[in-house]
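# Need coordinates for the following:
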Amino acid sequence: MPPLSVYFDPYDVEINADPYPTYARLREEAPIYHNERYDFWTLARQDDVQKGLVNWNVFTSRRGDILDVMKAGITLPQGVVMFEDPPLHTTHRGLMARVFTPKRMAELEDQVRQFCISCLDPLVGTERFDVIAELAAWLPMRVIGMLLGIPEQDQAAVRNKTDENLRTVPGKPMVVLEGKVTNPELFADYVEWRAEHPSGDLMTMLLTAEFEDETGTTRTLTRDEVLTYTSVLAGAGNETTGRLIGWLAKVLADHPDQRRAVVEDPSLLPNVIEETLRFEPTGHAVARYVTEDVDYYGTTVPEGSSMLLLLASANRDPRRHEKPDVYDVRRRDIHLTFGHGLHFCLGAHLARLEGRVALEELLKRWPEWDIDDAGSRLAPTSTVRGWECLPMVVG
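This next block holds a predicted model:
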């Protein structure tokens, strides 16, 4: 490949502060790009990313879906659907899909709303508050904890432990340790207790559900499998959904005309969630391991390479989106934030529900707000982009 002037690095703090100009250059100047320092490739255009997401034979998830995990070369735990392809993925996803049905998620709405109310009502009358600390860091944890049956007094500790795995030192890759990709040991006592005291929660469902495994045997999950599944469920929605709530607050502060349009017409709320997911996705890329040589734009990506599919770049590709850098709550474009194909996010319905209800309750109390940009801080992680501190000025 000829030398390029464009440089992309998911660990670069300056790029991460506003990656979209870099994505635009990649799409135009280097739609297939190789980073020599960390030895990975990227695809930046939506058509290429979307096709890559469904081509699991060539772009496999079996080495992980995070670049740092893939590069660590560790043995991955079994039973994590994000790290599997068919036929194992089909079996395990089918079991977990029983958890995240649209009907079951819709039944949670009243409980999600009551928790939002309990978080936000005490703040009425104040002039400012950190929407992350007061709402976004708590709501996903409470919902997942309630679903799994984790006692309320233990939920914060569980959230903190699972989120630690995603933290990075700014400017450096994440440290990935053998046996620490999930935290099944966190849930051993809960699972043992629930095995003797079954209830209507998801942990009980995982312990008792019968399914046909990849060998054709009808069975229930082993205890180790239950622990892994519980760990995946506990960690998957906390960080990403919390970041979505933060982005809703930030983007609507930056676009007050769009926020006022939603206040005047609440039927736009589902559109707001989708447009925010497109405009400021929480996860900017997924990693895949390349199982055979593939050619893009006259360049061969060799078998054994690590590939980043840049979802956030795809979401702003002008080949597929009109005026992609414009935030428009009336837009109805298809985005790739939740993925595409067999690895489409199982928790998408739940994330949308939590985001919508949180925004509804914020707008009821504060139809106008600003963000204290000087007091805001992006989270130190290369895997999920969002706010760790985001003060809303409402008085």
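# residue ranges with poor pLDDT in the stretch 1-150 of the chain?
Counting by pLDDT under 70, the stretch 1-150 of the chain has low-confidence residues at 1-4.
# now the strands for it?
32-35, 40-43, 59-60, 128-130 (DSSP state E, counting those that start in this stretch).
# partners of the last one in the sheet?
Sheet partners assigned to strand 128-130 using DSSP bridges are listed as strand 391-393 (antiparallel).
# Spatially central, which residue of the protein would that be?
Central residue of the chain (Cα atoms, centre = their mean): T240, 3.9 Å from the mean position.
# which of the strands of the stretch 1-150 of the chain is buried the deepest?
Among these, ranked by average contacts under mean count of other Cβ atoms under 10 Å, first place goes to strand 40-43 (a mean of 24). All C-beta spots, glycine's among them, are computed from the backbone N, C-alpha and C.
# Which strands border that one, and is each parallel or antiparallel?
Sheet pairing of strand 40-43 (DSSP bridges) gives strand 32-35 (antiparallel), strand 306-310 (parallel).
# tell me the contacts of Y296?
The contact partners of Y296, by Cβ atoms under 8 Å, 6 or more residues apart in numbering, come to P31, I32, L43, D48.
# ok, it to K51 distance?
10 Å (Cβ to Cβ, to the nearest Å).
# Could you work out the end-to-end span of stretch 376-384 for me?
Its first and final residues considered, stretch 376-384 spans 16 Å by Cα to Cα, to the nearest Å.
# Could you give the separation of that stretch from the chain centroid?
On the basis of Cα atoms, centre = their mean, to the nearest Å, stretch 376-384 sits 13 Å off its chain's mean C-alpha point.
# Show me what stretch 47-65 is in contact with.
Contacts for stretch 47-65 (Cβ under 8 Å, 6+ apart): 31-32, 43, 69-70, 76, 82-86, 89, 181, 286-292, 294, 296, 307, 309-311, 313-314, 317, 319-320, 336, 339-343.
# can you do 6 Å?
Here stretch 47-65 makes contact (Cβ atoms under 6 Å, 6 or more residues apart in numbering) with 43, 70, 82-83, 85, 286-289, 291-292, 309, 314, 339-341.
# Give me the buried entries from those residues.
Taking 16 or more other Cβ atoms under 10 Å as the criterion, what is buried in those is 43, 70, 82-83, 85, 286-289, 291, 309, 314, 339-340.
# ok, N315 touching R278?
Yes. Contact status for N315 versus R278: in contact at 4.7 Å, counting by Cβ atoms under 6 Å.
# Residues that sit against both of those two, list them.
H335.
# For M307, which residues are in contact?
W41, R288, V290.
# Specify the beta-bridge partners of it.
Here M307, judged by DSSP bridges, has bridge partners W41, R288.
# where along the stretch 151-300 of the chain do the helices fall?
For the stretch 151-300 of the chain, the helices defined by DSSP state H, counting those that start in this stretch cover 152-164, 188-196, 202-208, 223-254, 256-264, 269-279.
# from those helices, which stretch is densest packed?
Scoring those by mean count of other Cβ under 10 Å, the most buried comes out as helix 223-254, with a mean of 23.
# what helices or strands is it leaning on?
helix 139-148, helix 152-164, helix 202-208, helix 269-279, helix 348-365, strand 370-371 (3 or more Cβ pairs under 6 Å, 6 or more residues apart in numbering; DSSP states H and E).
# Nearest approach to R385 belongs to which of those?
Across the helices and strands packed on helix 223-254, R385 has its closest neighbour in helix 269-279 (12.2 Å, Cβ to Cβ).
# Just the C-alphas of that closest one, formatted as CSV.
What follows is helix 269-279 as a C-alpha-only set of coordinates in CSV (Å, rounded to 0.1, in the frame of the first residue of the first chain):
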residue,chain,number,x,y,z
LEU,A,269,-39.1,9.9,21.1
PRO,A,270,-38.4,6.5,19.4
ASN,A,271,-36.7,8.4,16.5
VAL,A,272,-34.6,10.3,19.0
ILE,A,273,-33.2,7.1,20.4
GLU,A,274,-32.4,5.7,16.9
GLU,A,275,-30.8,8.9,15.7
THR,A,276,-28.7,9.3,18.8
LEU,A,277,-27.6,5.7,18.4
ARG,A,278,-26.6,6.5,14.9
PHE,A,279,-25.0,9.9,15.6
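# Let's test this: mean pLDDT of it, rounded?
Here helix 269-279 scores 98 as its mean pLDDT.
# Next, the angle from that helix to helix 256-264.
150 degrees (axes from the mean of the first three to the mean of the last three Cα atoms, to 10 degrees).
# Can you list the neighbours in contact with helix 269-279?
Helix 269-279 has contacts (Cβ under 6 Å, 6+ apart) with 247-248, 251, 262, 315, 327, 329, 331, 335, 337, 352, 355-356.
# related to what we said a few turns ago, out of the contacts of stretch 47-65, which comes closest to L378?
Of all the contacts of stretch 47-65, L378 sits closest to V286, with 20.0 Å by Cβ to Cβ.
# Quick one: residues contacting the closest one.
So V286 contacts D65, L309 (Cβ under 6 Å, 6+ apart).
# Number the chain from 47, please
All right, first residue 47 from here; so that's V332.
# pLDDT score assigned to it?
96.
# next one: V227
60.
# Equivalent analysis for the one 5 residues further on, please.
Residue-level confidence at L232 comes out at 75, pLDDT.
# what's around it, how many residues?
Neighbours of L232 under the rule other Cβ atoms under 10 Å: 19.
# how close does it get to F146?
As judged by Cβ to Cβ, L232 and F146 stand 21 Å apart.
# got it, and N361?
23 Å.
# And the two? Which one has more around it.
N361 (25 against 19).
# Now the two most distant members of the contacts of helix 315-325.
Pairwise over these, using Cβ to Cβ, the maximum falls at V308 and N361, 20.3 Å.
# How far off centre is stretch 174-182?
20 Å.
# For it, measure first residue to last.
15 Å.
# Please list the outside residues in contact with that stretch.
Under Cβ under 6 Å, 6+ apart, the answer for stretch 174-182 is C165, L169, G288, I291, G292, A295, W433, C435, L436, P437, M438, V439.
# what number of residues lie near the closest residue to A331 other than its chain neighbours?
Among residues not flanking A331 along the chain, L354 sits closest, at 4.5 Å (Cβ to Cβ, 6 or more residues apart in numbering). For L354, the count of nearby residues is 26 (other Cβ under 10 Å).
# That concludes my questions; thank you for your assistance.
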